[in-house]
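Engineer: this one's structure only:
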């Protein structure tokens, strides 16, 4: 399987790149919604434009009104989102939630709004300070024809503005995944601002009653759904981190060409050239790992599970390297809010933690390999 894009994929990349550079730029999106202290952290008008452009339809099956494309295509959009630090619900809603709803009766209710860029979804899995989906403690107890959910979730990205929550809980039969409406009685949502100015949420489920139709898939069979959803989300987050690294590197290289010291551009200094060349090499390796993971996911290959963790690890390390090198090579101004380079560092920190950091996934690769 060649690590190259098809003509159609290359065309999509160029379309997404032009759109995000114009409509999703830092000044008009990230800084705008951060500085106005927006309760959602992103623009709903831009989210509707995502729908008009067909981006929200990429992973939706053709039978459900989507484009029926794959994770490679979704990753191309996510890379441009990362490059421009564009705040949007795309990763959680158009990737993770679409994957959760795939093949379920609930898709007819939620997918039309997602396709139109009107509906926002959130993924409620984590309960502690770190991503540990294998340690879900939230309880789902039988109650009449449905269930009663009790427990808490945190680090729920877009949770404060979500219309529906994809929630993982423990029933007597095992892990079960639910689609819970935001208006459910007993559900308390506390919006919190994350390091990159995006909005997450802490959720408290106080005996939240849901009927049997809220179950995605079968009761007790949620691990398979959760595994599929997290694989899609992790690959997507890795693609976005490639974009973050690319954007930070491009900004840094441009600065090296412009900033002069001792009468010459600092980019002519060999030590800085070596650092830039090293970053470029690491970025290309990470990009190849992410593309491979996406291709394996699209092919339904059993090796995708390991490769997704490899991609999340490598993309996380490179994104951090690009942000740190960018700030350092900008010198003192790299620490100021006036320059955008520091914003890449903040976004990198959130994406690294989202769905498991590099340490978590390096350990996961070792375990999956039998170590």
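Structural biologist: Ah, there it is. Since the model is a prediction, treat every value here as computed from it, not as a measurement.

Engineer: residue 110 contacts residue 121, correct?
Structural biologist: Yes: applying Cβ atoms under 8 Å, one finds residue 110 in contact with residue 121, separated by 7.0 Å. Quick note: C-beta positions are derived from backbone N, CA and C, even for glycine.

Engineer: shared neighbours of these two, which are they?
Structural biologist: 97, 163-164 (Cβ atoms under 8 Å, 6 or more residues apart in numbering).

Engineer: of those - the most surrounded one?
Structural biologist: residue 97 (31 neighbours; other Cβ atoms under 10 Å).

Engineer: who are the contact partners of that residue?
Structural biologist: 110, 114, 121-123, 164, 166.

Engineer: which of those residues lies closest to residue 284?
Structural biologist: Nearest to residue 284 among these is residue 123, at 30.1 Å by Cβ to Cβ.

Engineer: dihedrals phi and psi, that closest one?
Structural biologist: Dihedral pair for residue 123: phi -110, psi 110, per degrees, to the nearest 10.

Engineer: for it, which residues make a bridge with it?
Structural biologist: residue 166 (DSSP bridges).

Engineer: next up, the contacts around it.
Structural biologist: Residue 123 touches 92, 96-97, 100, 156-157, 165-166, 229, 233, counting by Cβ under 8 Å, 6+ apart.

Engineer: if we go to 10 Å?
Structural biologist: By Cβ atoms under 10 Å, 6 or more residues apart in numbering, residue 123 lies in contact with 91-93, 95-97, 99-100, 153, 155-159, 162, 165-168, 177, 226, 229-230, 233, 354-355.

Engineer: just the buried members of those?
Structural biologist: In these, burial by neighbour count holds for 91-93, 95-97, 99-100, 153, 155-159, 162, 165-168, 177, 226, 229-230, 233, 354-355, counting by 16 or more other Cβ atoms under 10 Å.

Engineer: narrow those residues to those in helices?
Structural biologist: Residues of the buried ones among the contacts of residue 123 located in helices (DSSP state H): 99-100, 226, 229-230, 233.

Engineer: confidence-wise, which helix or strand of the chain is lowest on average?
Structural biologist: Using mean pLDDT, DSSP states H and E, strand 260-261 stands out as the lowest-scoring helix or strand of the chain, at a mean of 84.

Engineer: hmm, who's touching that strand?
Structural biologist: Counting by Cβ under 10 Å, 6+ apart, residues outside strand 260-261 touching it are 266-269, 331.

Engineer: which element is encountered next along the chain beyond the helix or strand harbouring residue 45?
Structural biologist: Per DSSP states H and E: residue 45 is located in helix 44-53. For helix 44-53, the succeeding helix or strand toward the C-terminus, using DSSP H and E, is helix 71-84.

Engineer: contact partners for the closest residue to residue 113 other than its chain neighbours?
Structural biologist: Spatially, and ignoring its direct neighbours in sequence, residue 113 is nearest to residue 119 (2.9 Å; Cβ to Cβ, 6 or more residues apart in numbering). Residues near residue 119 by Cβ under 10 Å, 6+ apart: 47, 51, 56, 89, 93, 97, 109-113, 162-164.

Engineer: related to what we said a few turns ago, whichever of the contacts of strand 260-261 end up buried, select them in ChimeraX.
Structural biologist: The ChimeraX command for the buried members of the contacts of strand 260-261 (criterion: 16+ other Cβ under 10 Å) is given here:
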select :266,267
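
Engineer: and the furthest pair within the contacts of strand 260-261?
Structural biologist: Greatest spatial distance among these (Cβ to Cβ): 268 and 331, at 16.0 Å.
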